[in-house]
Every structure is written in structure tokens, then in C-alpha cells.
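Visitor: Sharing a sequence plus its predicted fold:
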2 protein chains.
Amino acid sequence: MLNILKKHIEKFVQVSDDQFEEVKNFFDIRELAKKENLLEEGQICRHHYFVLKGLLRKFYINEKGTEQTTEFAIETWWLTDNYAYEHRIPTDFYIQAVESCTILYISQDNQEKLLKEFPIMERYFRFVYQRAYAAAQKRVKYLFSLSKEEFYWQAVRNHPEFIQRVPQYLIASYLGFTPEYLSEIRKRHIS
Amino acid sequence: MLNILKKHIEKFVQVSDDQFEEVKNFFDIRELAKKENLLEEGQICRHHYFVLKGLLRKFYINEKGTEQTTEFAIETWWLTDNYAYEHRIPTDFYIQAVESCTILYISQDNQEKLLKEFPIMERYFRFVYQRAYAAAQKRVKYLFSLSKEEFYWQAVRNHPEFIQRVPQYLIASYLGFTPEYLSEIRKRHIS
């Protein structure tokens, strides 16, 4: 299963089998049950997570006491609260398994050691962050330019398998409206 | 003035004077008059910009024909439409000088060559993207959790020099409301 990480690294840099045998030692593996939390509000954010199997979501609890989902991560996606992770400070977020998951995780110290020992991994993480940043920039534009309803239909068109996979109430939590309102939008479209 | 880039690189990696003499050759320098555009909607996004002096903003023109500012960049900040830059495709954005500026710029090809010849620069750009991504994640949370008015007052508290420097109508364009509404908010606070 670790081969999933190797293949992902090889999308960006070449890594030999021998190198990967060492690289993988910087990571730990963990199984998560559905709804299990990897990280909770107030905890120091110590790890960077890579999904081997399953689906994670990141959310915070807003003023109204509602869970606002801000990100999802499926297979080969990295996820953490990057600011809290880099600065080793408590996080405002939860990271939770939406499905039962198998994830790899690495601590800040280990990630730093990995990068020192295998500078080739700088290039890998440079690509990971570069693409994540580009996606975040696109998202900020969508948050300004699309209504939540338009954003939903765009996601249905562009990522149908994702919309199928994520429970409706979590899609509603990501879009910032109630599950009831999402049902309404869907019904309006069908009728 | 190129020393500003050297110092910024040295925040993250060590670079000798001899190395920097070569690194800087991958960049070009450009002076911009106030309101001059570096990039316009529909153009292929070919460059990554680094501000040596001045202030840039990135915006797009929304459905209503209004300029929606999505980012600013001051001294030592990098700016581009990262998705369009990586994929060498036309951009939806404009990048414009708010003040007269001196900027460095690098093409995709040159950035790739630079990274191949000076792998140490992978570490530098990894940090640049990592921090930009972390800031974008924070911003997405603010877009969900703060009203535009709260976001404005938070910016006034956390970045007073920035708020002083940026013309009011551009702050309004960044927050997504009219300059008149911003005046109102400010008046309400004073009274």
C-alpha cells in the first residue's frame, strides 16, 4: 500500500527502490474508523497526513456551533492545518475520517530530517505545495464569483465521482448551508 | 536592489555571493508606472513576479463588470496566477501596479532551469509556496467565518501599515463591497 506514496512521488521526481525504502521510514501508518478524529481543536498540530485509502475532511466549529468543512482529502492528497503545523501551535481545526481510512503521517521534525537527507524530496513537496496553493487561489476566486448554488453545480459537473462519494450533509457543510437547503437545490434542478 | 531577493532567499537557504551572481541571471527586472498592467485577462500567464519595491494587486472583472481584487503583493512577495502559470494557459486575472514598482520576473522555463541548476532553490520555493498555501487556507477560513466588516477591522488591527498604504477603493474591491460602504463602516466606528 505504501506504493501509493512512491507512485505519487514519482509523478514529480525520480526515486529509486533503495531510496524509497529509506524515505518510507520517516512515515508512520494508521488505520482510522469512520468518524474518528486525527486532530482536534486546541491540540498542537504535529503531523502532515497523506491519504492512502479513504476520505478525510477538515472542519472548524463556527460561532453558531455548526461544523464548517473547509477541505476534503482523498487518496494521494496531503492534508493538515499548514500554518499550525509549520509553527507548531494549537489548531482551530478538526481533521476527521469520513470513511474508514488508511493514512500515512509525518511529524514536522521527521519532515525536516527527510528533506535534509533526501533533498530530492524538496522538489516533491515544492510541487505538492505549489499545486495546493494554485487550487486555493482558484477557490478564493470561486468564493467571490460563484453563488453557493453555482459552486455546487460546478462541482457536480467537474467532480461527479467526488460528489457521489461524499455524504450530502458534508457537502452542505463545505458549501456553508444546511442539508435541507441542499435538498431543495437538488429538487429544484430535477423538477 | 537585487539584494532584496538575496536576503529573502537567505531567510530559507544559504546562498553564496558567487551562487547568487548566477541565480540572478535567471531573472529580468522591470519598472512599472502606477496603474500599469503586468498581466491582462486572456493572456498566457508566462511569468512569476517578485516585488522589489512597490505594491501589486491581482484582480478579475466579475459578472457585474466590477474589479474584484483577490490579492496584493508588497516587497518580497511573489505573485502570479499560479494555475495558469504552471499550465501555461490564458489567465482570468489582471496584475496591476498600485504604486510605481520595481519587480523581478522569471519565466516558467527559466524557473525550471534555475531549479535544475540550483536544487537549493527547490527548498526556497518550497517554503514560498508552503507559506502562501498556509496563508490561503487561513483566508478561506476567514471568508467563511468573518463578515466583511469584521475582516476589515481585523486587517486594520493586524496590518495597520498595509491598510494605510492601500487606497480605500482597492481595500473595498478586495473585501467585495463598494467604496461608499467602506466609508460608512469607518464612520460608524468613529461615531
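Guide: Cool, got the structure.
Visitor: Buried residues, the helix or strand bottoming out on mean pLDDT in chain A. List them.
Guide: Here the helix or strand of chain A ranked lowest by mean pLDDT, DSSP states H and E is helix A:179-190, holding a mean of 82. Within helix A:179-190, the residues that qualify as buried by neighbour count (16 or more other C-beta atoms under 10 Å in any protein chain shown) are residue A:182. C-beta coordinates here come from the backbone N, C-alpha and C atoms, glycine included.
Visitor: which secondary structure elements does that helix contact?
Guide: The contact analysis (3 or more C-beta pairs under 8 Å, 6 or more residues apart in numbering or on different chains; DSSP states H and E) places helix A:179-190 against helix A:148-158, helix A:168-175.
Visitor: Try it again at 7 Å.
Guide: helix A:168-175 (3 or more C-beta pairs under 7 Å, 6 or more residues apart in numbering or on different chains; DSSP states H and E).
Visitor: how distant is the helix it packs on from the center of its chain?
Guide: The chain centre lies 15 Å from the centre of helix A:168-175; the measure is C-alpha atoms, centre = their mean, to the nearest Å.
Visitor: quick one: average pLDDT of that helix?
Guide: In this model, helix A:168-175 carries a mean pLDDT of 90.
Visitor: same thing with stretch A:47-61?
Guide: 97.
Visitor: what does stretch A:124-141 give?
Guide: On average, stretch A:124-141 scores 95.
Visitor: How many residues are close by the closest residue to residue A:143 other than its chain neighbours?
Guide: Among residues not flanking residue A:143 along the chain, residue B:143 sits closest, at 5.2 Å (C-beta to C-beta, 6 or more residues apart in numbering or on different chains). By other C-beta atoms under 10 Å in any protein chain shown, the residues close to residue B:143 number 17.
Visitor: Show the backbone phi and psi for residue B:143.
Guide: When quoted as degrees, to the nearest 10, the phi and psi of residue B:143 stand at phi -60, psi -30.
Visitor: before we move on, what about residue A:42?
Guide: With angles defined as degrees, to the nearest 10, residue A:42 sits at phi 90, psi -20.
Visitor: Just the CA atoms of stretch A:117-125, as PDB, please.
Guide: Presented in PDB, the C-alpha positions along stretch A:117-125 are these (Å, rounded to 0.1, in the frame of the first residue of the first chain):
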ATOM      1  CA  GLU A 117      18.700  13.700   4.000                       C
ATOM      2  CA  PHE A 118      16.800  13.500   0.700                       C
ATOM      3  CA  PRO A 119      17.000  16.900  -0.900                       C
ATOM      4  CA  ILE A 120      15.100  15.400  -3.900                       C
ATOM      5  CA  MET A 121      12.100  15.500  -1.600                       C
ATOM      6  CA  GLU A 122      12.200  19.300  -1.600                       C
ATOM      7  CA  ARG A 123      11.200  19.200  -5.200                       C
ATOM      8  CA  TYR A 124       8.400  16.800  -4.400                       C
ATOM      9  CA  PHE A 125       7.000  18.900  -1.600                       C
END
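Visitor: In it, which residues are buried?
Guide: Going by neighbour count (16+ other C-beta under 10 Å), the buried part of stretch A:117-125 is A:118, A:120-125.
Visitor: Next: stretch A:36-44.
Guide: For stretch A:36-44, a neighbour-count test (16+ other C-beta under 10 Å) marks A:38-39, A:43 as buried.
Visitor: residue ranges for the helices of chain A, please.
Guide: A:3-10, A:17-23, A:82-87, A:108-117, A:120-145, A:148-158, A:160-165, A:168-175, A:179-190 (DSSP state H).
Visitor: what does the second one contact?
Guide: Judged by C-beta atoms under 7 Å, 6 or more residues apart in numbering or on different chains, the contacts made with helix A:17-23 from elsewhere in the structure are A:6, A:15, A:114, A:118, A:121.
Visitor: so who does residue A:78 touch?
Guide: Taking C-beta under 7 Å, 6+ apart, we find residue A:78 in contact with A:48-50, A:128.
Visitor: wait, which of the helices of chain A is closest to residue B:184?
Guide: Smallest distance to residue B:184 across the helices of chain A (C-beta to C-beta): 20.8 Å, for helix A:120-145.
Visitor: Stretch A:48-59 and chain B, any residue contact?
Guide: No. Between stretch A:48-59 and chain B, judged by C-beta under 7 Å from any C-beta of the partner chain, nothing touches; the nearest distance is 8.7 Å.
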